[in-house]
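sequence-free structure coming up:
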């Protein structure tokens with residue numbers, strides 16, 4: 001028994017010695033580890049910068065440095081020492097709480113494999129030596145200039161001091177191993193330095209063995225933009241304002257003028273401007289005809305949609321079937337066209353004002369196309385554009401999408417038959433348009449006849465005859481009186497179907513053009529500058545509309561203008577209404593009944609017999625315009 005007791009005592013003594021050895025080895029290992037860790041708290045008293053670094057690591061925005069010892073089986077060949085591993089902590093919420101890990105989410109340890117920067121721990125000795133110099137006063141601020149003048153052997157902590165808000169590591173003179181960033185975040189420098197890849201720890205890695213440099217490598221930050229799709233990132237950006245595509249301020253027409261990636265989808269009568277996803281959306285509807293506010297007229301004009309869309313929109317922007325190198329100008333020839341006054345005032349004059357800047361290099365896009373209109377004004381359209389007009393309805397039937405870099409929808413219209421120089425984009429005025437007309441139709445005269453110029457010619461008086469309404473009942477007597485006054489008198493009986501070249505040549509031959517208020521007076525634009533227009537105004541307080549439609553435009557064209565306002569005895573209304581009727585005593589009060597009533601009663605409801613005595617006075621006034629100065 002005693003022998004067994006001694007045996008047990010010896011056994012317990014051996015166990016105690018073995019435990020002492022184990023504890024001793026553990027203490028030695030701990031001491032060794034603490035002595036080799038630069039971020040150990042035992043070094044806090046040695047370097048103020050170390051204390052600052054430790055404090056910053058305690059915040060979520062900073063990453064910690066951890067020492068790892070790769071095994072011989074997994075470490076790259078030639079790298080057998082400890083490595084410093086940059087570990088980025090997970091971001092907490094606003095209260096500092098860490099989010100719960102979702103299924104499939106990488107742990108912090110796993111994430112280290114993706115963003116690890118490995119640096120030989122032998123650089124720690126250089127760091128410690130530098131810190132000792134700082135303690136002795138040889139360096140006033142060891143970490144302040146790391147981002148500007150990183151010296152060979154500088155450690156990761158020095159670089160991180162200056163790398164805010166991104167994390168970076170200084171490139172040392174000794175070979176180092178870094179994981180290759182993902183393709184979305186690989187910089188140009190990374191691509192230039194990429195060497196044959198090595199599989200290490202299941203990640204693709206690159207070798208970098210360049211001398212020390214001030215360049216810093218940008219690292220991806222977990223949960224930031226490098227993990228989001230570009231489209232999501234664009235959506236997260238604040239929407240940028242785009243200049244308004246359309247101007248709705250004008251009283252006659254709404255005009256859209258825009259530049260960019262423009263796609264005209266004909267079957268939806270839409271112009272789509274492709275923009276960035278971050279650009280604020282716009283959508284407008286425009287009727288491209290300058291009679292804004294006239295519901296009867298505009299009801300005959302189709303709507304054109306002008307809108308923006310991004311490439312990621314649903315549905316996506318239409319694909320181009322034809323791409324044009326010239327801008328587009330879109331307008332309608334519906335509305336009131338077919339009447340020569342509206343042909344020019346609503347379409348041709350505003351069209352000239354809108355497209356002049358393109359010098360013929362423009363694509364005309366037309367809605368409400370009728371073939372006869374194109375035939376009638378073919379010479380003018382060819383002068384305005386070298387390209388065949390594009391019929392919107394035909395393009396829609398073919399399912400076409402035409403693409404442009406610049407487009408204008410609707411026309412810039414000013415007053416009736418007038419271009420105002422101060423409102424024109426190119427500083428045009430009405431005489432520029434009449435000069436364009438004479439050139440396009442090859443009209444020979446640009447000045448009226450002068451009396452006593454030795455040529456023996458008489459000024460030519462041309463009277464516009466009407467056949468259905470507002471007829472001049474004593475036209476024959478008017479011609480006789482005009483001949484007696486010294487004019488060569490003639491009657492123009494042109495019809496709406498006549499060639500504009502023929503009509504233009506006839507009007508251009510006249511020195512005086514006379515007619516009753518109506519669309520036929522629009523032909524005055526073919527007169528030579530300095531010629532005279534005489535407008536006969538029917539009874540009924542129509543002076544204001546006569547002046548607006550033809551008087552002001554005539555003067556704007558450089559013509560001499562005479563307004564002949566008939567009296568009650570010259571109107572056939574005296575045979576229809578009693579003398580005490582309001583149509584004679586207060587005709588302007590009837591205007592409140594609307595333009596339809598005015599047209600039926602005061603325009604189309606009367607014919608005219610001119611007072612020949614008053615007419616002679618007008619002829620003498622006009623003749624005086626042609627005396628040689």
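Received the coordinates, thanks. Not measured: the values here are computed from a predicted model.

so what's residue 568 up against?
The contact partners of residue 568, by Cβ atoms under 8 Å, 6 or more residues apart in numbering, come to 539, 574, 584. Using the backbone N, CA and C atoms, a C-beta is placed for each residue, glycine as well.

What is the nearest of the residues you listed to residue 316?
Of all the contacts of residue 568, residue 316 sits closest to residue 539, with 62.8 Å by Cβ to Cβ.

what's the closest non-adjacent residue to the closest one?
residue 571 (4.0 Å; Cβ to Cβ, 6 or more residues apart in numbering).

burial of residue 30, as a residue count?
Neighbours of residue 30 under the rule other Cβ atoms under 10 Å: 10.

Regarding it, what is its secondary structure?
Following DSSP: H, G, I helix; E, B strand; the rest coil, residue 30 is assigned to helix.

Equivalent analysis for residue 535, please.
Here residue 535 is recorded as strand under three-state DSSP.

Find the nearest non-adjacent residue to residue 468, please.
Nearest residue to residue 468 in three dimensions, chain neighbours excluded: residue 604, at 7.9 Å (Cβ to Cβ, 6+ apart).

who touches the residue nearest to residue 539 in this structure?
By Cβ under 8 Å, 6+ apart, the residues touching residue 571 are 538-539, 606-608.

which ones among those residues are found in helices?
Judged by DSSP state H, these include no members of helices.

Please flag which of those residues sit within strands.
Residues of these located in strands (DSSP state E): none.

Residue 260: which of those is nearest?
Looking across the contacts of residue 571 and measuring by Cβ to Cβ, the closest to residue 260 is residue 538, at 51.4 Å.

quick one: the closest one and residue 605 touch, right?
No: using Cβ atoms under 8 Å, residue 538 is not in contact with residue 605; the gap is 9.1 Å.

Those two: who's more crowded?
Counted by other Cβ under 10 Å, residue 538 and residue 605 do not tie: residue 538 has more neighbours, with 25 against 20.

what's that one in contact with, if anything?
Counted by Cβ under 8 Å, 6+ apart, residue 538 has contacts 470, 516-517, 566, 571, 602-603, 606, 608.

Against residue 458, how distant is the residue nearest to residue 539?
31 Å (Cβ to Cβ, to the nearest Å).

and if you look at residue 365?
From residue 365 to residue 458 the distance is 48 Å (Cβ to Cβ).

list the contacts for the residue nearest to residue 468?
Contacts of residue 604 by Cβ under 8 Å, 6+ apart are 468-470.

Mind checking which of those residues are buried?
Applying a neighbour-count criterion of 16 or more other Cβ atoms under 10 Å, the buried members of the contacts of residue 604 are residue 470.

which one of residue 365 and residue 458 has more residues nearby?
Set side by side, residue 365 and residue 458 show more neighbours around residue 365, with 25 against 17, by other Cβ under 10 Å.

re the thing from before, the residue nearest to residue 539 bridge partners, please.
Residues in a beta bridge with residue 571, per DSSP bridges, are residue 608.

and the gap between it and residue 472?
Per Cβ to Cβ, residue 571 is found 12 Å from residue 472.

what sits in contact with each of these two?
In contact with both residue 571 and residue 472: 607-608, using Cβ under 8 Å, 6+ apart.

Go through this structure and flag its longest strand.
From DSSP E, the single longest strand across the chain is strand 255-265.

That one pairs with which strands?
Using DSSP bridges, strand 255-265 pairs in its sheet with strand 246-247 (antiparallel), strand 270-275 (antiparallel), strand 401-409 (antiparallel).

Heading C-terminal from the second one, find the next helix or strand.
Read that as strand 270-275. For strand 270-275, the following helix or strand on the C-terminal side (DSSP states H and E) is strand 283-286.

after that following strand comes which helix or strand?
Moving toward the C-terminus from strand 283-286, the next helix or strand (DSSP H and E) is helix 295-298.

Okay, buried residues for that following helix please.
Within helix 295-298, the residues scored as buried using 16+ other Cβ under 10 Å are 297-298.

which residues touch that helix?
So helix 295-298 is in contact with 287, 289, 291-292, 335-336, going by Cβ under 8 Å, 6+ apart.

where does residue 599 land in three-state SS?
Of the three states, residue 599 takes helix according to three-state DSSP.

Tell me the spacing between the closest residue to residue 564 other than its chain neighbours and residue 431.
Nearest residue to residue 564 in three dimensions, chain neighbours excluded: residue 536, at 4.8 Å (Cβ to Cβ, 6+ apart). When distance is defined by Cβ to Cβ, residue 536 is 25 Å away from residue 431.

How many neighbouring residues does residue 455 have?
As a burial measure, residue 455 scores 9 neighbours (other Cβ under 10 Å).

And residue 495, by the same measure?
By other Cβ under 10 Å, the residues close to residue 495 number 7.

Nearest spatial neighbour of residue 398, chain-adjacent residues omitted?
Leaving aside its sequence neighbours, residue 398 sits nearest to residue 266 (Cβ to Cβ, 6+ apart; 7.5 Å).

before we move on, what about residue 483?
Spatial nearest neighbour of residue 483, chain neighbours left out: residue 489 (5.3 Å); criterion: Cβ to Cβ, 6+ apart.

who are the neighbours in contact with the one you found?
Applying Cβ under 8 Å, 6+ apart to residue 489 gives the contacts 460-463, 478-479, 482-483.

Tell me the helix or strand right after the helix or strand harbouring it.
Under the criterion of DSSP H and E, residue 489 resides in strand 488-492. Once the chain leaves strand 488-492, the next helix or strand it forms, by DSSP H and E, is helix 500-508.

next helix or strand past that next one?
Counting by DSSP H and E, the element after helix 500-508 in chain order, helix or strand, is strand 512-516.

Give me the contacts around that following strand.
Taking Cβ under 8 Å, 6+ apart as the rule, strand 512-516 contacts 459-464, 466, 470, 472, 487, 507, 521, 523-524, 527, 531-536, 538, 608, 622.

Comparing residue 536 and residue 431, which residue is more hemmed in?
residue 536 (25 against 14).

I'd assumed residue 521 was in contact with the more buried one.
No: with contact defined as Cβ under 8 Å, residue 536 does not reach residue 521; the gap is 9.5 Å.

the bottom helix or strand of the chain by mean pLDDT?
One helix or strand of the chain scores below all others by mean pLDDT, DSSP states H and E: strand 170-171, with a mean of 34.
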